[in-house]
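# generate a structure from the sequence data that follows.
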Amino acid sequence: MFIPTSFTAAFRRAALAMCALALLAACSSDKPVPPCPQVRVDNTTAALTKFRDGSGRDLTDVEYEVRLVGYQGVCKFGDKGVDVSMDLVMEVASGPAAKPGPTPIYYFVALPQFFPEPAGKRIMVVNHDLEAGAGRKARIEEHGVHAFIPLKKEEPGAAYDVYVGLQLDQDQLDYNRSQQEKK
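Sure thing, here's the model as predicted:
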């Protein structure tokens, strides 16, 4: 039997649509999906300027700069709590005083409600090969960064905040604050 091509294409589209509806119906639930914890980036820890050793703090003394430029995440609720999984995006720029080679970049995930307990803050590292030459930029994507928040029965995950940022020493933190005051 000869079936016109347009009919066959229309039939396939209808069959695919029916399959999609069936899959969606199978996934539906009467329980509302609870909101995820808020992920936050504080402006003070979203950037890091690494100066070469010594007292110089002008543009010629910059080894590299790192900026936390984006993130996205999902959360998954389980019997014991919520797991927040994030992908972080950082941008690294070499400065005039750059030392080419392996450069550790430290960042953190913090849960203020648990601080000062060890679960309150985790410091992690991503290694980057810094290139010589001012202005050279690279993008670093760190995938699957997790934060687990234990929850009591009926406790909302949205009651918790998750902070991500670059791990700074006191001088770097003071420098960032002084730059914000100038704006």
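
# next one: stretch 62-76 to chain centre, how far?
Centroid separation for stretch 62-76 versus its chain: 5 Å, with C-alpha atoms, centre = their mean, to the nearest Å.

# give me the pLDDT for the residue nearest to the spatial centre of the chain.
Nearest residue to the geometric centre of the chain (C-alpha atoms, centre = their mean): Leu88, 2.8 Å. Per-residue confidence at Leu88 stands at 98 (pLDDT).

# got it, and Ala22?
pLDDT, Ala22: 38.

# then Met18?
For Met18, pLDDT reads 42.

# okay, Glu63 and Val39: tell me how far apart.
To Val39, Glu63 is 29 Å away according to C-beta to C-beta, to the nearest Å. (Each C-beta comes from the backbone N, C-alpha and C, glycine too.)

# over to Phe115?
16 Å.

# returning to what we had before: how far does the helix or strand harbouring the residue nearest to the centre of the chain sit from its chain's centre?
Element membership of Leu88, judged by DSSP states H and E, is strand 81-94. Computed by C-alpha atoms, centre = their mean, the chain-centroid distance of strand 81-94 equals 2 Å.

# returning to that earlier point: which one's more surrounded, Phe115 and Val39?
Taking neighbours as other C-beta atoms under 10 Å, Phe115 and Val39 compare with Val39 leading, 18 against 12.

# tell me the contacts of the more buried one?
Neighbour list for Val39: 71, 73, 84, 86, 161-164 [criterion: C-beta atoms under 8 Å, 6 or more residues apart in numbering].

# same check on Leu151?
For Leu151, the contact set (C-beta under 8 Å, 6+ apart) comprises 77, 80-82, 157.

# sorry, back to before: nearest to Ser178, of the contacts of Val39?
Ser178 has its nearest neighbour among these in Tyr163, at 21.5 Å by C-beta to C-beta.
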